[in-house]
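Chemist: Below: sequence and its predicted model.
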Amino acid sequence: MTTSQQKETYLDALLERGYSRRDFMKFVTFITAYMGLEHSMVSQVAKALETKKRIPVIWEHFQECTGCTESFIRSDHPIVADIILDSISLDYTDTLMAAAGHNAESAKQKSMKENYGKYILIVEGAVPTKDGGVYCTIAGRTAVDILKESAAGAAAIITFGSCSAYGGVQAAYPNPTGSVPVDAIIKDKPIIKVPGCPPISEVMTGVVIHYAVFGTIPELDSIGRPKQFYGKRVHDSCYRRPYFDAGLFAESYDSEEAKKGYCLYKLGCRGPVTYNACGFMEWNNGVSFPIKSGYPCIGCSENNFWDNGPFQERLVNISGFGIEATADKIGKVVLGVAAGGAALHAIATNVLKRKEIKESIESGMENEKHLNS
Amino acid sequence: MSSLVFKRVYVWELAVRFFHWITVGSMIVLIITGFIIADPPALNMHVEASNAYLFGYIRVIHFTAAYLVMAVALFRLYWAFAGNQFAHWSYFIPYSKKAIKNILHVIKSDILLLKDRNENLEDVSIGHNRLAAFSYFIMGLLFIFQAMTGLALLSQTSGWWFPKMFAWIVPLMGGEIHVRYWHHFLTWIFMTFIVIHVYLVLYHDYVEARGEVSSMISGFKFVRAERIKKDKETQKD
Ligand code: HEM
Ligand code: SF4
């Protein structure tokens, strides 16, 4: 992949790659729906993609597993991969580009310079900061360094995956490399967070297209995620929800109940506390998503989700109280101490207050003897 | 042996008793439904989902009881300004020397069960003792926290502006999973409070024998006659 021709529009690029206008319109209709826009917006989206110049994209990879990229290229619509990989001129992405070594690095430098202030920076992976950032270096430079450089000329930053959005697995306790998410380092650019481990392909595409079409940041929720994809809890769009409301719960994996579609709440499902699009978009051409496959949601699009374990239990273990300090264990001890204390106190009362108690009983008995009837 | 003379004093006004028992009822409902929500029993097998709404009802009952207890709590807050001296807000915060002295006495005499050498009649509380009153203040704060976390959990799916006002708590606490954790954990604290509170009420009734338990029903407590001003002609017993 070389530096793109900036003069091209999205439609031009597609036609050039052998797609028909009909394919283009199908894609536009589908992506408009995915972005959560009204059907009447289709023509506007189409017009924008016909007339707007392509936005250059630089895609950086830091501490990560490339899972987000894997998810991305498995988009369920054939054009999606093509339009993003080719049409939204992806000028630099370590994992996918053909170029390597100095060629790749110089292509990136060139694109960044040419498109200064205009390109989208996509970041995949967290950034280690400990010991001068030595735990992630590319071409001899630290991730912190590279991030600062590529962010300087970016119009906006999109973080793909929970690592760049919230730190991910490497930032989980005890975070040995001092990993931080992008927004801990870059403070002066708009950042759209697209978390998930990995995020859904169409969500990633949708966010990029939204920026390409409207040139604006979509509406974000309180932790920086676009509301059109992360506005609902998995629980609220889950097809097992009627079983939840009915009180029908599977108690083990692969049980008959689980196969029948009973709710996975008792297996630790994080659907009720997780905001993501899995329930309605699903994965791999809408084939399935974890809950549909019989495994409870692990809440991968939530802040710090790796530390919110254990995944098969509904409530988190809070570290700091001890090894296995669940709310119930602490609660039982507190309640037990109180009940035991009360019992001991009751015994002690009868011993230490025996004089007072005896006196009042005696005076009461005395009065009983002198009753007037 | 001389027997003591007690006079009847109206301590708990109807509003206070009303608040107390509504709270008792709703708290029991909230704790039971709360723990069912936390760990539902797998009842109800072999029913079609479309024919049952069991868990939905449990949650509805929880939310209804929650709004009820929040409403009476708000009413009690008003009564902390409108009510008698034993209901007044200032009774619950031990800022005066007198209150501190009473707390020390209660710790000595009722918690550690020691003999207080310079015991005098003033130490016997007529309303709450000041330590108990302070514990209700702390429970009030914890209840506010419980209500806020509960409303935060409701905020996303509720169509009403009131729960939505508490949505900011979710990111502050690091996500709904943590909000639920604290909401769940505090339930144990409320249960602990209930155990201690009920025990101590029984203790006072048993040791002092002046109608501690029934006072929250009738409103009356029995107070030593010496403590009631003599100069009133119209005194009743
Ligand atoms: C003060 C008394 C209360 C107690 C003892 C209590 C107890 C509980 C417990 C134990 C849970 C289960 C938590 C879990 O394990 O996930 C729960 C859930 C919940 N409570 Fe409360 N709660 C109380 C008050 C409230 C209030 C005032 C509200 C606000 C309206 C509220 C709203 C909720 C909500 C929304 C849930 C989550 C239910 C769901 O969506 O499935 N609670 N409560
Ligand atoms: S499986 Fe999970 S997300 Fe689906 S209804 Fe049950 S608890 Fe909610």
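Modeler: Okay, I see it. Residues are numbered from 1 along each chain as shown, chains lettered A, B, ... in the order given. Ligands and ions are numbered 1, 2, ... in the order given.

Chemist: Now for B:Thr192: which residues touch it?
Modeler: By Cβ atoms under 8 Å, 6 or more residues apart in numbering or on different chains, B:Thr192 lies in contact with A:331, A:334-335, A:338. Heads up, the C-betas are built off the backbone N, CA and C, glycines and all.

Chemist: Number of residues surrounding residue 151?
Modeler: In the absence of a named chain, chain A is used. 20 (other Cβ atoms under 10 Å in any protein chain shown).

Chemist: To clarify, I was referring to chain B.
Modeler: Counted with other Cβ under 10 Å, residues neighbouring B:Leu151 total 23.

Chemist: now do A:Ala171
Modeler: By the criterion of other Cβ under 10 Å, A:Ala171 has 24 neighbours.

Chemist: Tell me if A:Leu121 really is in a strand.
Modeler: Yes. Judged by DSSP: H, G, I helix; E, B strand; the rest coil, A:Leu121 forms part of a strand.

Chemist: how close does the residue nearest to it when sequence neighbours are not counted get to A:His210?
Modeler: Among residues not flanking A:Leu121 along the chain, A:Ala154 sits closest, at 3.8 Å (Cβ to Cβ, 6 or more residues apart in numbering or on different chains). Shown here: A:Ala154 relative to A:His210, a distance of 16 Å by Cβ to Cβ, to the nearest Å.

Chemist: and A:His77, what pLDDT?
Modeler: On the pLDDT scale, A:His77 is placed at 67.

Chemist: longest helix of the chain?
Modeler: Since no chain was named, I'll use chain A. In chain A, with assignment by DSSP state H, the single longest helix is helix A:327-352.

Chemist: I was thinking of chain B, sorry if that wasn't clear
Modeler: Max-length helix for chain B by DSSP H is helix B:176-208.

Chemist: Just the buried residues of the following helix or strand past that one, please?
Modeler: Remark: after helix B:176-208, the chain's next helix or strand is helix B:212-218, criterion DSSP states H and E. Residues of helix B:212-218 classed as buried under the neighbour-count rule (16 or more other Cβ atoms under 10 Å in any protein chain shown) are B:212, B:215-216.

Chemist: Give me the residues contacting stretch B:66-84.
Modeler: Contacts for stretch B:66-84 (Cβ under 8 Å, 6+ apart): B:11, B:13, B:15-16, B:18-19, B:22-23, B:26-27, B:30, B:87-89, B:92, B:140, B:143, B:147, B:150.

Chemist: which of those residues are buried?
Modeler: Buried, going by 16+ other Cβ under 10 Å: B:11, B:13, B:15-16, B:19, B:22-23, B:26-27, B:30, B:87, B:92, B:140, B:143, B:147, B:150, out of the contacts of stretch B:66-84.

Chemist: Show me which of those is closest to ligand 2.
Modeler: Distance to ligand 2 across the buried ones among the contacts of stretch B:66-84 (Cβ to the nearest ligand atom) is lowest for B:Gly150, with 18.5 Å.

Chemist: residue contacts, that closest one?
Modeler: Contact analysis of B:Gly150 by Cβ under 8 Å, 6+ apart lists B:66, B:183.

Chemist: that's a helix at it, yeah?
Modeler: Yes. Assigned with three-state DSSP, B:Gly150 falls within a helix.

Chemist: how many other residues sit next to the residue nearest to A:Leu121?
Modeler: Neighbours around A:Ala154, by other Cβ under 10 Å: 24.

Chemist: Checking the spatially most central residue of chain A next. Helix, strand or coil?
Modeler: Closest to where the C-alpha atoms of chain A average out (Cα atoms, centre = their mean) is A:Ser301, at 1.8 Å. Under three-state DSSP, the three-state class of A:Ser301 is coil.

Chemist: Confirm for me that it is in contact with A:Gly271.
Modeler: No. The criterion here is Cβ atoms under 8 Å, and A:Ser301 misses it with A:Gly271 at 11.3 Å.

Chemist: Can you give the distance of stretch A:55-68 from its chain's centre?
Modeler: Chain-centre distance of stretch A:55-68: 16 Å, with Cα atoms, centre = their mean, to the nearest Å.

Chemist: what pLDDT does the spatially most central residue of chain B get?
Modeler: In chain B, the centroid-proximal residue (Cα atoms, centre = their mean) is B:Tyr136; its distance is 5.8 Å. Note on B:Tyr136: pLDDT of 94.

Chemist: now it: how far from B:Ile93?
Modeler: Noted for B:Tyr136: a distance of 10 Å to B:Ile93, by Cβ to Cβ.

Chemist: go on, B:Met148?
Modeler: In terms of Cβ to Cβ, B:Met148 sits 21 Å off from B:Ile93.

Chemist: Can you point out the helix or strand that includes the residue lying closest to A:Ser201 once chain neighbours are set aside?
Modeler: Closest residue to A:Ser201 apart from its sequence neighbours, by Cβ to Cβ, 6+ apart: A:Ser75 at 4.0 Å. If you go by DSSP H and E, A:Ser75 is not part of any helix or strand.

Chemist: A:Ser75 - how many residues pack around it?
Modeler: For A:Ser75, using other Cβ under 10 Å, the count is 21.

Chemist: follow-up on the earlier one: now do the phi/psi pair for the residue nearest to A:Leu121.
Modeler: Phi and psi for A:Ala154, reported as degrees, to the nearest 10, are phi -80, psi 140.

Chemist: right, and the pair among the contacts of B:Thr192 with maximum separation?
Modeler: Pairwise distances across the contacts of B:Thr192 (Cβ to Cβ) peak at 10.7 Å, for the pair A:Gly331 and A:Ala338.

Chemist: re earlier: ok, B:Met148 and B:Ile93, which is more surrounded?
Modeler: Just comparing B:Met148 and B:Ile93: by other Cβ under 10 Å the higher neighbour count belongs to B:Met148, 17 against 12.

Chemist: tell me how far stretch B:7-26 is from the chain's mean position?
Modeler: That offset, for stretch B:7-26, works out to 11 Å (Cα atoms, centre = their mean).

Chemist: can you check stretch A:142-154 too?
Modeler: With Cα atoms, centre = their mean, you get 23 Å for stretch A:142-154.

Chemist: Stretch B:82-93 too?
Modeler: For stretch B:82-93 - counting by Cα atoms, centre = their mean - the centre lies 14 Å from the chain centre.

Chemist: Can you measure across it, start residue to end residue?
Modeler: 17 Å (Cα to Cα, to the nearest Å).

Chemist: helices and strands around the longest helix of chain A, which ones?
Modeler: Here helix A:327-352 touches helix B:176-208, going by 3 or more Cβ pairs under 8 Å, 6 or more residues apart in numbering or on different chains; DSSP states H and E.

Chemist: residue of chain B with the smallest distance to chain A?
Modeler: Residue of chain B nearest chain A, by Cβ to the nearest Cβ: B:Trp188 (2.7 Å).

Chemist: Please tell me I have it right and that residue contacts A:Val333.
Modeler: No. Using Cβ under 8 Å, B:Trp188 is not in contact with A:Val333; the gap is 9.1 Å.

Chemist: out of these two, which sits in the more crowded spot?
Modeler: Using other Cβ under 10 Å, the more surrounded residue of B:Trp188 and A:Val333 is B:Trp188, with 21 against 12.

Chemist: can you give me the strands in the chain?
Modeler: Chain wasn't specified; assuming chain A. Assigned by DSSP state E, the strands in chain A fall at A:57-61, A:90-93, A:119-124, A:127-128, A:137-138, A:141-142, A:154-160, A:179-180, A:191-194.

Chemist: should've been chain B
Modeler: So, for chain B - with DSSP E - the strands run B:6-10, B:220-224.

Chemist: Select, out of those strands, the one closest to A:Asn276.
Modeler: strand B:220-224 (57.4 Å).

Chemist: orientation of the closest one relative to helix B:176-208 in degrees?
Modeler: Orientation of strand B:220-224 against helix B:176-208 (axes from the mean of the first three to the mean of the last three Cα atoms, to 10 degrees) gives an angle of 50 degrees.

Chemist: Just give me the neighbour total for the residue of the stretch 201-350 of chain A found nearest ligand 2.
Modeler: Distance from ligand 2 to each residue of the stretch 201-350 of chain A (Cβ to the nearest ligand atom) is smallest for A:Gly271, at 2.1 Å. As a burial measure, A:Gly271 scores 26 neighbours (other Cβ under 10 Å).
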